[in-house]
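Novice: could you look at this predicted model? Sequence included:
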Amino acid sequence: MPKFAYYNRLTKRQQAIYRQSDAIDTVPVPQPQALAPALQKLSAVLKAGNRAQTQETATAIVRALIGRLGASQAKVKVLSRRPSDDWGELHGLYDPETVLITVWMRTAQRKQTVAFKTFLRTLLHELCHHLDYVHFKLEDSFHTEGFYKRESSLYKQLLEVMQALPEDGKPAAS
């Protein structure tokens, strides 16, 4: 299992947590197709630039995912313009102390609404940090290969839900 360069700067305890994280590479979501209406709505309200509805819908998606996984809930905050500095733009942030996922919906420089897939991936990235603590019971949340695989696992499942929608964008009746 290849390790990122910062691994060698970690304490032995942190290295053990890193290896635990790296060993988990999927997050199977029971019945992800049930999220289709919320995903469609998120795409629409984000495109319309409606911050309040984007936050409401992103919260509903996070709550649904966490509920399906049987983990404790997190709060979601959607803010308008990304903070930036000479290091670049901040897309999202997870605070384990307040159990808060924060994501930004507009770019820093042009103030344009971010693309749906970019926003969704950022939301899921921050959700993965939350899941590391509360679902996988890791003492820390490191960016490991396993972490990025978990993020991709969630993203692919939700993207498949979106791609399975018929042309009118409404889920098929079951």
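Specialist: Great, that's in hand.
Novice: hang on, Lys47 packs against Phe116?
Specialist: Yes. The criterion here is Cβ atoms under 8 Å, and Lys47 meets it with Phe116 at 7.0 Å. All C-beta atoms are positioned from the backbone trio N, CA, C, and that covers glycine.
Novice: higher neighbour count, those two?
Specialist: Neighbours were counted for Lys47 and for Phe116 using other Cβ atoms under 10 Å; Phe116 has more, 15 against 12.
Novice: what lines up beside the helix or strand bottoming out on mean pLDDT in the chain in the sheet?
Specialist: Lowest mean confidence among the helices and strands of the chain (mean pLDDT, DSSP states H and E): strand 84-85, at a mean of 72. With DSSP bridges as the test, strand 84-85 is paired with strand 88-89 (antiparallel).
Novice: what does the strand it pairs with rub up against?
Specialist: With Cβ atoms under 8 Å, 6 or more residues apart in numbering as the test, strand 88-89 has contacts from Arg82, Pro83, Trp104, Thr107, Ala108, Gln109.
Novice: moving C-terminal from that strand, which element do we reach first?
Specialist: Once strand 88-89 ends, the next helix or strand along the chain (criterion: DSSP states H and E) is strand 92-95.
Novice: packing partners of whichever helix or strand comes after that following strand?
Specialist: Scanning forward in sequence from strand 92-95 by DSSP H and E, the next helix or strand is strand 100-106. Contact here means 3 or more Cβ pairs under 8 Å, 6 or more residues apart in numbering; DSSP states H and E; on that basis strand 100-106 packs against helix 51-69, strand 75-81, strand 92-95, helix 116-134.
Novice: per-residue confidence at the closest residue to His130 other than its chain neighbours?
Specialist: Take His130 and drop its neighbours on the chain: the residue closest to it by Cβ to Cβ, 6 or more residues apart in numbering is Ala74, 4.6 Å away. Ala74 is assigned 97 on the pLDDT scale.
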